[in-house]
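[1] sequence and predicted model, in that order:
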Amino acid sequence: MTGIGGFARRVVIGLPFAWLVLFFLLPLLIVLKIGLARSTIGIPPYTPLVGPNGIAATLENFARLGHDTLYLRAYLGSLRYAVVATLCCLVLGYPIAYAIARAPLPRRQILLFAVMLPFWTSFLIRVYAWIAILKPNGFLNNLLLALGLIHAPLPLLNNSFSVELGLVYSYLPFMILPLYSTLSAQDQSLVEAAADLGAPPWRSFLAVTLPLSLPGIAAGSLLVLIPAVGEFVIPTLLGGPDTLMIGKVLWDEFFANHDWPTAAAVAVVLVAALAVPLLFAQKLLDREVPP
Amino acid sequence: MTRVRSGWLRAGALVLGLGFLYAPIVLLVIYSFNESRLVTVWAGFSTRWYGTLAADAKFRDAALTSIEVALMAASLALVIGTLAGFAMARFRRFRGRLLFGFMLLALLVVPEIVLGLSLLLLFVACATVLGGPPRGIVTITIAHATFGAAFVAVLVRAQLSSFDRALEEAALDLGARPVAVLTRITLPGIRPALVSGWLLAFTLSLDDLVVASFVTGPSATTLPMAVFSSVRLGLSPEVNALATLFLAAVFVLVGAAAWQVARQERRRLGVGPFGR
């Protein structure tokens, strides 16, 4: 603002900047530091980095992540769950976003609100609601039995199916919203031109609508993929004993094994892996929203 | 002919999509009024689980803690996030802008489990160096304000970028002081973003399990923590009743805010309450 002096400018930038450095960047650096420490019995349960004999940093926590296949399998398992969930959200979310974007204006706002409302309500409660639906004598099995479609309850809960379903259900609104904003901003005359030139609807969709919505597809995919990789609540409540996701492994290292350095090392590798798609997202958003 | 068919396809996508989103919530609410202790077997209408819930001190205390934390965290997030949104929207160039923008974006998507662990380690380091703050309501509030601020910043930044700055310039030209321009023109202009930002930070705080579990101490249990420890032991009709009350509160709160914002928007655009 032209009228605001240098002092105000310094406060507007400096205050949130300092807050983020103090409560986001600095904590991440501390995680890195403790990932380099050794686990001991005590409070806090890790060794200081600068000991009486000089620097006592160790890479053994990170080395263990490479040796012990549990961690590697958990990272890859999380990635697989997250990628499948992202693709399912895309396939499910695209038609919904498209239908909302092409609805008449007053109805469009109501539909958008209806899609976003679950996002405002408790994540934990929405995941919990699926247990009653999926368990062996739950709503879905009872319905299928009553219809005579199956003769014995299907194993729907505590396996990779239920984890995948929980991820898709929880993150679907994050896919629909960015898709909706690119689709609703699209110039409809392009589609009409394609139709005038004799293109059937599927052809104009593939040649015009879909390519123009690629930014929305990319943004939605990142908004689903990145948080889904580190998910903890869904694999814990809907997963089974063989569900291996890195968020759950980290939680158990910390709360069950009290091994803070290993938990920190797991977190460092997770953040490093997610930094790549995140940098991509920033580039995308900077182009999207010219401030 | 193809127009009609594609209309039906779109309606089908909406019905299926909204059905998928709402069916679990509707079942949860219906079975909170179930007489039976078994959550999936209907045994007649009853409100007994609401009575059990009201008498349960564990959930009541946790709910009060959660509301206290959420009120403070949302207000703090509103201040920090509004400043951050202003900084990103109005100042094209300053030292560290890239890092600042990256931190704001990373906060939106960083796994909660990483955020929780890192903040706990910060608070532990603080306690050894400075002797405080004690882990509990204060540390949860700081943690929730941090991620809440990132969401507020997105909304404020978006609204500021579509805000007509000619209004501010005109007021300044007419001799208004910068503070008056800010409080009379800019802030009222971005009110919808401020309202929805505060509400979003409030509900995110109310909903958070993972970060709070890390940064809390023995003194504070939030509602999601109490629900989680009860849900881990299996389904409970009491949790269904609690969830129903929670959903009702959120629906009313968010619905009222959305209606308010929509009404203002229509008044601004000069459109009647029932469309054009």
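    Everything's here; your move. Numbering: from 1, shown residues only, chains lettered A, B, ... in the order given.

[2] what number of residues lie near residue 148?
    By default, I'm working from chain A. 7 (other Cβ atoms under 10 Å in any protein chain shown). In short, each C-beta sits where N, CA and C put it, glycine included.

[3] sorry, I should have been clearer: chain B.
    Residue B:148: 30 neighbours (other Cβ under 10 Å).

[4] test my guess that residue B:78 contacts residue B:194.
    Yes - using Cβ atoms under 8 Å, residue B:78 makes contact with residue B:194 at a distance of 6.6 Å.

[5] which of the residues in stretch A:273-288 are buried?
    Neighbour counts over stretch A:273-288 (16 or more other Cβ atoms under 10 Å in any protein chain shown) mark A:273, A:274, A:277, A:278, A:281, A:282, A:285 as buried.

[6] those also near chain B: which ones?
    Near chain B, judged by Cβ under 8 Å from any Cβ of the partner chain, the entries from the buried residues of stretch A:273-288 are A:274, A:278, A:281, A:282, A:285.

[7] closest one to residue A:175 out of the residues you listed, please.
    residue A:281 (14.0 Å; Cβ to Cβ).

[8] the helix or strand containing that closest one packs against which elements?
    Under the criterion of DSSP states H and E, residue A:281 resides in helix A:260-288. Applying 3 or more Cβ pairs under 8 Å, 6 or more residues apart in numbering or on different chains; DSSP states H and E, one finds that helix A:260-288 makes contact with helix A:26-35, helix A:60-67, helix A:69-101, helix A:214-229, helix A:246-255, helix B:97-109, helix B:112-130.

[9] dump the residue contacts of residue A:115.
    A:96, A:100, A:173, A:176, A:177, B:17, B:18, B:21 (Cβ atoms under 8 Å, 6 or more residues apart in numbering or on different chains).

[10] quick one: the first one and residue A:104, what's the gap?
    Pointing back at residue A:96 there. From residue A:96 across to residue A:104, the span is 16 Å (Cβ to Cβ, to the nearest Å).

[11] more crowded one of the two?
    residue A:96 (25 against 7).

[12] find the closest residue to chain A in the stretch 101-250 of chain B.
    Using Cβ to the nearest Cβ, the closest approach of the stretch 101-250 of chain B to chain A is made by residue B:111 at 2.2 Å.

[13] am I right that residue A:244 is in a helix?
    No - going by DSSP: H, G, I helix; E, B strand; the rest coil, the assignment for residue A:244 is coil, not a helix.

[14] that one contacts residue A:77, correct?
    Yes - the pair residue A:244 / residue A:77 is scored as a contact, 4.3 Å apart, by Cβ under 8 Å.

[15] quick revisit: how about TSV for the ones next to chain B among the buried residues of stretch A:273-288, with pLDDT and distance to residue B:61 added?
    Converted to TSV, those look like this (pLDDT from 0 to 100; distance: Cβ to Cβ, whole Å):
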residue	pLDDT	distance to residue B:61
A:274	88	36
A:278	82	38
A:281	76	40
A:282	75	42
A:285	67	41
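
[16] those residues into a markdown table, with extra columns for distance to residue B:144?
    Below are those laid out as a markdown table (distance: Cβ to Cβ, whole Å):
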| residue | distance to residue B:144 |
| --- | --- |
| A:274 | 21 |
| A:278 | 22 |
| A:281 | 23 |
| A:282 | 24 |
| A:285 | 24 |
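
[17] in those, find the pair that's most separated.
    A:274 and A:285 (15.7 Å).

[18] dump the helices and strands packed on helix A:260-288 to CSV, plus distance to residue B:243 and mean pLDDT.
    Output for the helices and strands packed on helix A:260-288, formatted as CSV (distance: least, Cβ to Cβ, whole Å; pLDDT from 0 to 100):
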stretch, distance to residue B:243, mean pLDDT
helix A:26-35, 32, 92
helix A:60-67, 38, 83
helix A:69-101, 23, 94
helix A:214-229, 22, 90
helix A:246-255, 23, 92
helix B:97-109, 26, 90
helix B:112-130, 20, 91
